[in-house]
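Student: only geometry, no sequence info:
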């Protein structure tokens, strides 16, 4: 490895571990002479874990087009780093170690993920960590004698690793885009702020640019707002900013245009153009979310505000006819013969799931959003996780975890569309990796929190959730346990090291009743069937679960057993969720009402006669409402906010 005195550019400062969510990571390079071109150089990050034996790459980025500044410095980092980095990588990219960052005079394409480290064309390298564990293999391969502990002075992750003029290192408060010894040119920073971070089409936003100290001369620079599909057709406004001599502030107002078309939510990215010598952008690529106001709404509710009967099943005539009169294992096998039929069912790639979820899990109240499992909230479709960070993003949640299904990474991450598929069968366990019937849009952090835990006593969702997802996951797991040989549902929480088992069956059977299949699930079932050519029968006939695993196990199944009664079809309970008042309609006679908590405690009883509005005083949560009228009993799910 070359040293600072031999190399024209070196790794000058690294901050891998920052307070909170690691959103201010950066790598600073320094050249021996100012305005040095980094064309041909690349940064590669290596994982040094596995008790020091690791040496594989996990991220690589080209530095082409970058030029060091008058101090010989260039900054690479997250969007939140201040002052602004000249080249961005996603937040939470740099691992905390023991790992290595290497500078090569070589294209980054030479180092795809999991490429072994080597010293070919190596310019400089830093092996670091946040504790005593050593990345021994990386030190040997990269020719580094000393590993630097970034947190040697503090466990608060508030310091960075900085190169001293003699080529050794010290750990102290970060100094991004400045000489580590405090010398050199001090730049006048320009900070971008906005009057709003989220704005609807048709409204305006004011952009303000403020210098650290008043400008000595008239300052003028240009802006670029383009970002992906957001471009000059989406706005009007002045993109040239002027700050007069002796002043510190320049502003412009951008008018967002409503084109009357639903293009989906977008993001405007405010990028400051080339600045005169002595100035730099303290922050850059500042995002403003532009909400498309032309979104579409559906005539059915979300799982948190469920509706029933508005979405009509598209199940083909006779699809379940072979089940009539069957029981026990014969019933289960006949069901598998339908949903795993090798002559009919299509298997798709994991890469296709993102596109499937954008429609299958679409928020009924806004077509530009998906509805998130567990956290019971919508999120913009454009917030799908593409980088390593899960914070604020949604991703794909396997309800039957990959590690416990035996289908981890079983299909390609390449999306090839609805018309490209492979045949499948009940023994094709790898197809479970991309089976959309058990994959849902979920908040990235909550997906990670759930991990591969069983449902029930082991995992009940985030604090404060109302359980509107519980029936959904039970029916997804029922489907998987029938669709694929080798997958079984058991009582309790089995050892998560036993591949093929999931619990808790008792909880799942209860959830199937407490949270009945609604229009959201039926719409989902209908859409996924257009891709996979199979359906989730436990959404079409939720009662099937009791005939295979529950109280009716061993009894003959007939589809009429799952048909709603006349009373159930007519009675409506709304709004759901509610705070303190419920309306009951569709009853023309006297009826007895009982509300029961999920723990089985009766919390409210009354008798009504016809259309009624009930005043309630219940704690937030999910309840069951039993309605008895005309010698019939039905149960409705209600949610109190």
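Tutor: Nice, I can see it. Just so it is clear, the model here is predicted, and its values are computed rather than measured.
Student: what's the burial count for residue 29?
Tutor: Taking other C-beta atoms under 10 Å as the neighbour definition, residue 29 ends up with a count of 25. All C-beta atoms are positioned from the backbone trio N, CA, C, and that covers glycine.
Student: contacting residues around it?
Tutor: Shown here is residue 29, whose contacts under the criterion C-beta atoms under 8 Å, 6 or more residues apart in numbering are 9, 10, 11, 12, 38, 63, 68, 73, 74, 76, 103.
Student: nearest to residue 517, of those residues?
Tutor: When those are compared for distance to residue 517 (C-beta to C-beta), residue 76 comes out closest, at 49.8 Å.
Student: Sheet-wise, list the partners of the one helix or strand that closest one maps to with their directions.
Tutor: Remark: residue 76 resides in strand 73-77, with elements defined by DSSP states H and E. For strand 73-77, sheet partners with direction are given as strand 26-31 (antiparallel), strand 87-88 (parallel), following DSSP bridges.
Student: pLDDT value on residue 561, please?
Tutor: The per-residue pLDDT reported for residue 561 equals 76.
Student: I should have written residue 3 there, sorry.
Tutor: Per-residue confidence for residue 3 comes out at a pLDDT of 42.
Student: Where do the strands of the stretch 501-641 of the chain begin and end?
Tutor: Taking DSSP state E, counting those that start in this stretch as the criterion, the stretch 501-641 of the chain carries its strands at 501-502, 572-574, 581-585, 590-597, 602-609, 612-615, 621-629, 632-640.
Student: so what's residue 249 closest to, chain neighbours aside?
Tutor: By the measure of C-beta to C-beta, 6 or more residues apart in numbering, the closest residue to residue 249 outside its immediate chain neighbours is residue 210, 5.2 Å from it.
Student: measure that neighbour to residue 318 for me?
Tutor: Using C-beta to C-beta, to the nearest Å, one obtains 70 Å as the distance from residue 210 to residue 318.
Student: cool, residue 103 as well?
Tutor: For residue 103, the distance to residue 318 (C-beta to C-beta) stands at 66 Å.
Student: more neighbours, those two?
Tutor: The residue with more neighbours, out of residue 103 and residue 318, is residue 103; 25 against 7, by other C-beta under 10 Å.
Student: The helix or strand encompassing the more buried one - contacts with which helices or strands?
Tutor: Residue 103 is part of strand 99-104, with elements assigned from DSSP H and E. Counting contacts by 3 or more C-beta pairs under 8 Å, 6 or more residues apart in numbering; DSSP states H and E, the secondary-structure elements packed against strand 99-104 are strand 9-15, strand 42-47, strand 122-129, helix 136-142.
Student: Now with 10 Å, please.
Tutor: Contact analysis of strand 99-104 by 3 or more C-beta pairs under 10 Å, 6 or more residues apart in numbering; DSSP states H and E lists strand 9-15, strand 26-31, strand 42-47, strand 56-62, strand 122-129, helix 136-142 as its packing neighbours.
Student: which residue sits closest to residue 398 in space, ignoring its chain neighbours?
Tutor: Counting by C-beta to C-beta, 6+ apart, residue 439 is the residue found nearest to residue 398 once chain neighbours are left out, at 5.8 Å.
Student: gap between the residue sitting nearest the centre point of the chain and residue 303?
Tutor: By C-alpha atoms, centre = their mean, the chain has its centre lying nearest to residue 394, at 1.9 Å. Distance, residue 394 to residue 303, using C-beta to C-beta: 15 Å.
Student: and if you look at residue 276?
Tutor: For residue 276, the distance to residue 303 equals 55 Å [C-beta to C-beta].
Student: between those two, which one's more packed in?
Tutor: Each of residue 276 and residue 303 has its neighbours counted (other C-beta under 10 Å); residue 303 has more, 23 against 12.
Student: Output the lowest mean pLDDT helix or strand found in this protein.
Tutor: Of all regular secondary-structure elements in the chain, judged by mean pLDDT, DSSP states H and E, the least confident is helix 566-570 with a mean of 63.
Student: In the strand holding residue 76, which residues are buried?
Tutor: Using 16 or more other C-beta atoms under 10 Å as the test for burial, strand 73-77 gives 73, 74, 75, 76, 77.
Student: so where's the stretch 51-200 of the chain uncertain?
Tutor: Across the stretch 51-200 of the chain, the ranges flagged by pLDDT under 70 are 51-52, 155.
Student: To clarify, my last question referred to the chain.
Tutor: Low-confidence segments of the chain, defined by pLDDT under 70, are located at 1-7, 51-52, 155, 563-569, 630.
Student: returning to what we had before: to residue 466, which of the strands paired with strand 73-77 lies closest?
Tutor: With distances scored as C-beta to C-beta, the stretch of these nearest to residue 466 is strand 87-88 (38.2 Å).
Student: follow-up on the earlier one: what about the strand holding residue 76, distance to the chain center?
Tutor: Its chain's C-alpha centre lies 28 Å from the corresponding centre of strand 73-77 when counted by C-alpha atoms, centre = their mean, to the nearest Å.
Student: Let me know the angle separating it from strand 56-62.
Tutor: Angle, strand 73-77 to strand 56-62, by axes from the mean of the first three to the mean of the last three C-alpha atoms, to 10 degrees: 120 degrees.
Student: quick revisit: which single one of the buried residues of strand 73-77 is nearest to residue 637?
Tutor: For these, the residue nearest residue 637 by C-beta to C-beta is residue 77; the value is 47.9 Å.
Student: Grab the nearest non-local neighbour of that closest one.
Tutor: Using C-beta to C-beta, 6+ apart and skipping the chain neighbours, the partner closest in space to residue 77 is residue 26 (3.0 Å).
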